[in-house]
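A.B. asks: Provide a 3D model corresponding to the input given below.
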Amino acid sequence: MFPLKDHNPTRIRPYVTFLFVAANILVFVYELMLGDRLENFVAAWGAIPFEITHGEDLVGPAEQGFNHQPGPSFLPLTLLSSMFMHGSVMHIFGNMLYLWIFGNNVEDLLGHLKYFIFYIVCGVVAGLAHVMFNPSSTVPTVGASGAVAGVLGAYLVTFPHARITTLIFFGIFIRMMQVPAAFLLLVWFIMQSLQGFLSLGVSEMSGGVAWFAHVGGFVAGAILAFVMGGGAMREMRMRSRHYG
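C.D. replies: Residues are numbered from 1 along each chain as shown. Predicted coordinates for the structure are as follows:
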């Protein structure tokens, strides 16, 4: 399933969502400009679980075929910097598409400042979830998907009845349908969880994807929506049912 848009109008302009999308795009453009230095940039500012769990900044050759570069003096800072880095055009496109579709409504729920804090916290929690399940990994992790997963978790618990225009693939056949957000997002979460547990202890199955970052971010977002949303959640849920 590939979401295209939601039918869930907002009351405010999502300036913070615009900000996060723009920041991710600008960092990606900067990465493209680095050329041969990109690998060094990713090695220095990507989140490397081993560095965070051991408090050691890895420098020098690595088995994965790249050289570790000196990162920030405060290594957990890479949990933040890695949130704005991406590995390919499709990587950033997918993350920004989901953020664009679902982020504005979560920002509407929380307000600009709370949403800013919410997004950062979800991204950091997602990174820590990946570290917890891969404490000895020396591979840099990059991408906004953990923070975006937090947005999806918040959207699920707040707007479960909202309709999402979605491309659904049946083998070689493609059909456009409107599906409830609860269906789309629960299927997404189940798939991430399944892939994550299947990948435990079998690195070849992980495909380079931080599955547990997605799971951790999603759960964090769902919980934080209740904690930070306050009384606005009930109103939003009723409005979601109206547009469902």
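A.B. asks: confidence score at the residue nearest the centre of the chain?
C.D. replies: Nearest to the geometric centre of the chain sits Ser145, at 2.0 Å (CA atoms, centre = their mean). In this model, Ser145 is scored at 95, pLDDT.
A.B. asks: ok, Thr166 next?
C.D. replies: 91.
A.B. asks: just checking, it touches His7?
C.D. replies: No: Thr166 lies out of contact with His7 (CB atoms under 8 Å); the separation is 11.3 Å. Where C-beta positions appear, they are placed from N, C-alpha and C, glycine not excepted.
A.B. asks: quickly list what's touching both of those two.
C.D. replies: Gln178 (CB atoms under 8 Å, 6 or more residues apart in numbering).
A.B. asks: who's more crowded, those two?
C.D. replies: Per other CB atoms under 10 Å, whichever of Thr166 and His7 has more neighbours is Thr166, with 19 against 12.
A.B. asks: am I right that that one is in a strand?
C.D. replies: Yes: assignment of Thr166 by DSSP: H, G, I helix; E, B strand; the rest coil places it within a strand.
A.B. asks: what about Ile117, how many residues close to it?
C.D. replies: Other residues lying near Ile117 total 13 when counted by other CB under 10 Å.
A.B. asks: make sure it is indeed in a strand.
C.D. replies: No: checked against three-state DSSP, Ile117 lies outside a strand; its state is helix.
A.B. asks: name the nearest residue to it, sequence neighbours excluded.
C.D. replies: Nearest residue to Ile117 in three dimensions, chain neighbours excluded: Met228, at 7.9 Å (CB to CB, 6 or more residues apart in numbering).
A.B. asks: with Glu31 instead?
C.D. replies: In space, Glu31 is closest to Leu38, 5.6 Å off (CB to CB, 6+ apart).
A.B. asks: same check on Leu224?
C.D. replies: That would be Phe118: by CB to CB, 6+ apart, it lies 5.5 Å from Leu224.
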